[in-house]
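Novice: pasting the structure only:
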């Protein structure tokens, strides 16, 4: 019993520490850089953690239960996807900032409301009828969809979920090997992965909530500085993604004949 409790504590807190890996932090920082509420940022961390946990549980469980061996080139390819995703997040963040700059409205055009966030960009036009009521039903549908996800639109929830899945692919082998060094039984190893995933979810929710604080504060009081923060996070994500692509492709040998991969 004592061994089971210690395993649970170890898995949970290692999962929380796993959430602080640099590529994870940079990814979620880029995602929450346009958020205006701490609670919404925490929910984004929840979706990221869920995607990450599902992949860790499935891929890591296969490694533990069926002795699956991931070839070096496939392992490096999964890490390459993480690097490419960081670059994409950086580009999306910077492009969202560009679109959010004020511009002169067109005359004789329907009133257009643009809700621009790095997680999702969606807009709807409201045309006024004779009775003054909006005729566009997409706004109502969007409101219902937002309520299903606690104020986060479906596409906004899918973005961090997909990012978490990609990160889980890249880290599943390392987590499974770590479990093997601690637990020899495959079934208990899978249980360990589940506890590890819960720790990752909790850690990522705390991290996203903490990271969002300066963005929330500056968005309400220092809009110019808030834009600079957004640009900095976008450039950081883009630059770190480029660095990882070089590291994975040239140093680790993904683009060469002799790839060398150590899960980490």
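Specialist: That came through fine. Note that the structure is a prediction, hence the values are computed from the model and not measured. Numbers count the residues shown, from 1 in each chain.

Novice: Surely residue 49 and residue 208 touch.
Specialist: No - counting by C-beta atoms under 8 Å, residue 208 is not a contact partner of residue 49; they are 9.2 Å apart. For the C-beta atoms, the positions are set from N, CA and C on the backbone; glycine is no exception.

Novice: Determine whether the claim that residue 216 is in a strand is correct.
Specialist: No - remark: residue 216 does not belong to a strand; assigned using DSSP: H, G, I helix; E, B strand; the rest coil, it is helix.

Novice: Name the residues of stretch 67-83 that are buried.
Specialist: Using 16 or more other C-beta atoms under 10 Å as the test for burial, stretch 67-83 gives 70, 72, 75, 76, 77, 78, 79, 80, 81, 82, 83.

Novice: How is the first one assigned, secondary-structure-wise?
Specialist: Read that as residue 70. Here residue 70 is coil, with the state taken from three-state DSSP.

Novice: can you tell me how far the residue lying closest to it once chain neighbours are set aside sits from residue 162?
Specialist: Among residues not flanking residue 70 along the chain, residue 173 sits closest, at 5.2 Å (C-beta to C-beta, 6 or more residues apart in numbering). Separation of residue 173 from residue 162 (C-beta to C-beta, to the nearest Å): 20 Å.

Novice: Check the model's average confidence along stretch 257-264 for me.
Specialist: If you average the pLDDT over stretch 257-264, you get 86.

Novice: Pull the contacting residues for residue 174.
Specialist: Taking C-beta atoms under 8 Å, 6 or more residues apart in numbering, we find residue 174 in contact with 263, 264.

Novice: give me the element it is part of.
Specialist: Residue 174 belongs to helix 154-182 when assigned by DSSP states H and E.

Novice: cool, and residue 238?
Specialist: Using DSSP H and E, residue 238 maps to helix 223-246.

Novice: Remind me what that helix packs against, helices and strands.
Specialist: If you count contacts as 3 or more C-beta pairs under 8 Å, 6 or more residues apart in numbering; DSSP states H and E, helix 223-246 packs onto helix 22-32, helix 72-100, helix 186-221.

Novice: Columns distance to residue 236 and mean pLDDT on top of those helices, output as a markdown table?
Specialist: Listed next are the helices and strands packed on helix 223-246 as a markdown table, based on distance: least, C-beta to C-beta, whole Å; pLDDT from 0 to 100:
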| stretch | distance to residue 236 | mean pLDDT |
| --- | --- | --- |
| helix 22-32 | 6 | 93 |
| helix 72-100 | 7 | 92 |
| helix 186-221 | 12 | 92 |
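
Novice: Number of residues surrounding the closest residue to residue 25 other than its chain neighbours?
Specialist: Leaving aside its chain neighbours, residue 25 sits nearest to residue 207 (6.5 Å; criterion: C-beta to C-beta, 6+ apart). Residue 207: 23 surrounding residues under other C-beta atoms under 10 Å.

Novice: next one: the one 4 residues further on
Specialist: If you count neighbours by other C-beta under 10 Å, residue 211 ends up with 22.

Novice: and if you look at residue 156?
Specialist: Here the number of neighbours of residue 156 (other C-beta under 10 Å) works out to 26.

Novice: Just the pLDDT for it.
Specialist: You'll see residue 156 listed with a pLDDT of 72.

Novice: swap in the one 10 residues further on?
Specialist: Model confidence at residue 166, given as pLDDT, is 94.

Novice: got it, and residue 182?
Specialist: pLDDT, residue 182: 71.

Novice: do you know how far it is from residue 80?
Specialist: Going from residue 182 to residue 80 by C-beta to C-beta gives 29 Å.

Novice: ok, now residue 217?
Specialist: 36 Å.

Novice: same deal with residue 253?
Specialist: Separation of residue 253 from residue 80 (C-beta to C-beta): 12 Å.

Novice: got the buried residues for the helix or strand hosting residue 6?
Specialist: Residue 6 belongs to helix 2-18 when assigned by DSSP H and E. By neighbour count on 16+ other C-beta under 10 Å, the buried set for helix 2-18 is 7, 8, 10, 11, 12, 14, 15, 16, 18.

Novice: check contacts around the first one.
Specialist: If a contact means C-beta under 8 Å, 6+ apart, then residue 7 has 182, 183, 188, 192, 195 as its contacts.
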